[in-house]
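A.B. asks: my questions are about this predicted structure, shown below with the sequence.
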Amino acid sequence: MTAAIPDLTGKVAVVTGATGGMGRIIAADLVRAGAHVLTVARDPARAHALRALIGAQAANRLDVIPGDLSRRADVVTAAKTILDRHDRIHLLVNNAGAHFSEHRVSADGVELHIALDYLAAYGLTTLLDAPLRRGRARVVNVASDTLNDTRQIKLAGKPRPATLDLTGVDDLAELNPAAGFAPFEAYARAKLMTVTAGYALARDLAADGVAVNALHPGIVATDIIDDLVPPLLRPVRTLIRRSLLTPAEGAQSATRIATDPTMAGVTGRYFSRDTETSTPPVSHDPATQRKLLALSQNHFAG
């Protein structure tokens, strides 16, 4: 389902991961619809490429904030920069993410999937709380349906949902440890954390008209796919990519949730493309949500 993006003149949008894949399509479409878009970019060359893609409109309606969203300090600095420039935010698309084939930790000692695929979105959403409330914003968290099934090859058997057991966990750095590290499961767990926290944040922000929804955009031919393809199938990786959605097709679902007037008032949901669907029971568990929020708040207080 494709919906035209309404006129966004005067609206402020924050889009992460906007220098590649789906993100640059989302950012470009929002600028062309009249929005002022801010993004955070680690690579200046890719930021220049985004400006070139958008064209002349980028001069006045695109702000690029330098930073690495896997670093707590850079998330905090980016949020402060946005706060200094805008008192209202109308759209926040947390699209930044990556898959890492080996165990790596961020500058803050947190496993990199959790740092980038979860904490960046949580941090910006909570640090930008006031302007999001004033803008009665829509927050869209780009997730992945790997959270519902961590099997890379789904030829037989039942789905194997991602797990999130926070019993006895005192610091997010304890999650996705090096011992027994499984990259695909670590990635799925980070996406599950994004959805789990999002449900809780949606309830808190609803009183001020802020909507928080999560999205699986479909299987999109982005750089992440190259890492996610199992070794057995890598010889036919090019054929696999041709069968996938294009970044533009994946972006359509995100922009629809962020801008479609028919989505007004819809919050606390998870969509697979345009279809609302379910997530693992642990994502709806109040105790897990509370513990996850507490651990996340502690991370940014540290």
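C.D. replies: Yep, it's here. Residues are numbered from 1 along each chain as shown.

A.B. asks: only C-alpha atoms from now on, for both contacts and neighbour counts.
C.D. replies: OK.

A.B. asks: tell me who's in contact with residue 79.
C.D. replies: Listed by C-alpha atoms under 8 Å, 6 or more residues apart in numbering, the contact set of residue 79 reads 124, 127, 128.

A.B. asks: next one, pLDDT for it please.
C.D. replies: Reported pLDDT at residue 79 in the predicted model: 98.

A.B. asks: quick one: secondary structure of it?
C.D. replies: Secondary structure assignment for residue 79 (DSSP: H, G, I helix; E, B strand; the rest coil): helix.

A.B. asks: roughly how far does it sit from residue 124?
C.D. replies: Taking C-alpha to C-alpha, to the nearest Å as the measure, residue 79 and residue 124 are separated by 6 Å.

A.B. asks: now stretch 17-31: mean pLDDT?
C.D. replies: Over the span of stretch 17-31, the pLDDT mean works out to 93.

A.B. asks: my bad, should have said stretch 114-125
C.D. replies: Stretch 114-125 shows an average pLDDT of 98 in the prediction.

A.B. asks: now it - C-alpha only, PDB.
C.D. replies: Below are the C-alpha coordinates for stretch 114-125, written out as PDB (Å, rounded to 0.1, in the frame of the first residue of the first chain):
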ATOM      1  CA  ILE A 114      22.500  -3.100  21.600                       C
ATOM      2  CA  ALA A 115      24.400   0.200  21.400                       C
ATOM      3  CA  LEU A 116      23.400   1.100  17.800                       C
ATOM      4  CA  ASP A 117      20.200  -0.900  17.100                       C
ATOM      5  CA  TYR A 118      18.600  -0.200  20.500                       C
ATOM      6  CA  LEU A 119      20.200   2.500  22.600                       C
ATOM      7  CA  ALA A 120      20.400   5.100  19.900                       C
ATOM      8  CA  ALA A 121      16.700   5.000  19.300                       C
ATOM      9  CA  TYR A 122      15.900   4.800  23.100                       C
ATOM     10  CA  GLY A 123      18.300   7.700  23.800                       C
ATOM     11  CA  LEU A 124      17.000  10.100  21.200                       C
ATOM     12  CA  THR A 125      13.400   9.300  22.000                       C
END
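
A.B. asks: ok, and what's touching that stretch?
C.D. replies: If you take C-alpha under 8 Å, 6+ apart as the criterion, stretch 114-125 is touched by 69-72, 75-76, 79, 92, 94, 96-98, 106, 139, 141, 186-187, 189-191, 193-194, 197, 296, 300.

A.B. asks: in helices, which of the contacts of residue 79 appear?
C.D. replies: Cross-referencing the contacts of residue 79 against helices under DSSP state H gives 124, 127.

A.B. asks: nearest to residue 160, of the contacts of residue 79?
C.D. replies: For those, the closest approach to residue 160 (C-alpha to C-alpha) belongs to residue 124, at 30.1 Å.

A.B. asks: tell me how many other residues crowd the closest one.
C.D. replies: In terms of burial, residue 124 registers 21 neighbours under the definition other C-alpha atoms under 10 Å.

A.B. asks: save the contacts of residue 79 as a markdown table, and put in distance to residue 84 too.
C.D. replies: Compiled in a markdown table, these are given as follows (distance: C-alpha to C-alpha, whole Å):
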| residue | distance to residue 84 |
| --- | --- |
| 124 | 14 |
| 127 | 12 |
| 128 | 11 |
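
A.B. asks: does the nearest residue to residue 271 once chain neighbours are set aside count as helix, strand or coil?
C.D. replies: For residue 271, the nearest residue in space outside its immediate sequence neighbours is residue 215; the separation is 4.8 Å by C-alpha to C-alpha, 6 or more residues apart in numbering. Classification of residue 215 by three-state DSSP places it in strand.

A.B. asks: distance of residue 215 from residue 270?
C.D. replies: The span separating residue 215 from residue 270 equals 6 Å under the rule C-alpha to C-alpha.

A.B. asks: what residues sit buried inside the lengthiest helix in the chain?
C.D. replies: In the chain, ranked by residue count with DSSP H as the criterion, the top helix is helix 183-205. When burial is assessed from 16 or more other C-alpha atoms under 10 Å, helix 183-205 yields the following buried residues: 183-202, 205.

A.B. asks: name the residues contacting each of residue 215 and residue 270.
C.D. replies: Contact with both residue 215 and residue 270 is made by no residue, according to C-alpha under 8 Å, 6+ apart.
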